[in-house]
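1. 3D, please:
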Amino acid sequence: MTYYSQAKFSLSAPDIKHLGADEGIEVAFAGRSNAGKSSALNTLTKQKALARTSKTPGRTQLINVFELDEQRRLIDLPGYGYAKVPLAVKEKWQKSLGEYLQKRESLKGLIVLMDIRHPFKDLDQNLIHWAVSANIPVLALLTKADKLKSGARKKQLLMSREAALAFCGDVTVDVFSSLNNIGLDNLMSKLDSWFGLAEQQTISSNTAD
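-> As a prediction, the model looks like this:
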């Protein structure tokens, strides 16, 4: 069991007005509708059905909140970019995403999930630019890393890290696979730092000494 295993569903909201108090620390997960966002959340929390997975991309149409403790939350943002979703729904999602990124004070980090075989598509780049302009650190997570052999995976990671330099912001890139846990430790380390858990552990350890 890890700290993230205690995540529990708190609420679903159509926009930031219905999200509850803007306090504590939130880290949000966002990505194209077929990027494996729900699978990543389930792998992180070691819960098979915390975030819904579906064979029909675009199922997450609300902002879903998963509470870790009284001060820390994981946020599952609506998936974007799937062609079969009506235009009006797409526009509503984009508005919700934009408002959340620009106005939510408790948002301390954004994880943008992208299929490792098709990273940094236009909508992904727009989202990262939004986050950078709002001074929100970003982890670009290249999902489905098991689909590539080790050499190709490393090559794609290096190319993506180089591409991320163009954002001129706090944007790091890593690989991830919910199938075989590639990159899970790195993901948890990044979350620990955003949630202030690394500092907490250091303070506890120094106090114990």
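2. so Arg153 makes contact with Ala145?
-> Yes: if you go by Cβ atoms under 8 Å, Arg153 and Ala145 touch, sitting 5.5 Å apart. Where C-beta positions appear, they are placed from N, C-alpha and C, glycine not excepted.
3. those two: which is more packed in?
-> Neighbour count, other Cβ atoms under 10 Å: between Arg153 and Ala145, Ala145 has more, with 24 against 18.
4. mind listing the residues bridging to the residue nearest the centre of the chain?
-> In the chain, the centroid-proximal residue (Cα atoms, centre = their mean) is Phe29; its distance is 2.2 Å. Counting by DSSP bridges, Phe29 forms beta bridges with Asp76, Ile111.
5. circling back to that earlier point, need the residues touching each of Arg153 and Ala145.
-> Common contacts of Arg153 and Ala145, defined by Cβ atoms under 8 Å, 6 or more residues apart in numbering, comprise Ile116, Val175.
6. ok, now how distant is the residue nearest to the centre of the chain from His18?
-> Noted for Phe29: a distance of 19 Å to His18, by Cβ to Cβ, to the nearest Å.
7. so where's this protein uncertain?
-> Filtered on pLDDT under 70, the chain yields the residue ranges 52-60, 82-85, 199-209.
8. residue contacts, the closest residue in space to Ala30 that isn't next to it in sequence?
-> The shortest distance from Ala30 to any non-neighbouring residue, by Cβ to Cβ, 6 or more residues apart in numbering, is to Leu77 (4.2 Å). Counting by Cβ under 8 Å, 6+ apart, Leu77 makes contact with Ala28, Phe29, Ala30, Thr60, Ile63, Ser96, Leu97, Tyr100.
9. from Ser12, how far out is Leu77?
-> The gap separating Leu77 from Ser12 is 12 Å, by Cβ to Cβ.
10. likewise Asn64?
-> With distances taken as Cβ to Cβ, Asn64 is found 5 Å from Ser12.
11. quick one: which of the two has more around it?
-> Asn64 (22 against 14).
12. confirm that the more buried one sits in a helix.
-> No: judged by DSSP: H, G, I helix; E, B strand; the rest coil, Asn64 forms no part of a helix; its state is strand.
13. return the residues in contact with Val132.
-> Counted by Cβ under 8 Å, 6+ apart, Val132 has contacts Val138, Phe167, Cys168, Gly169, Asp170, Val171.
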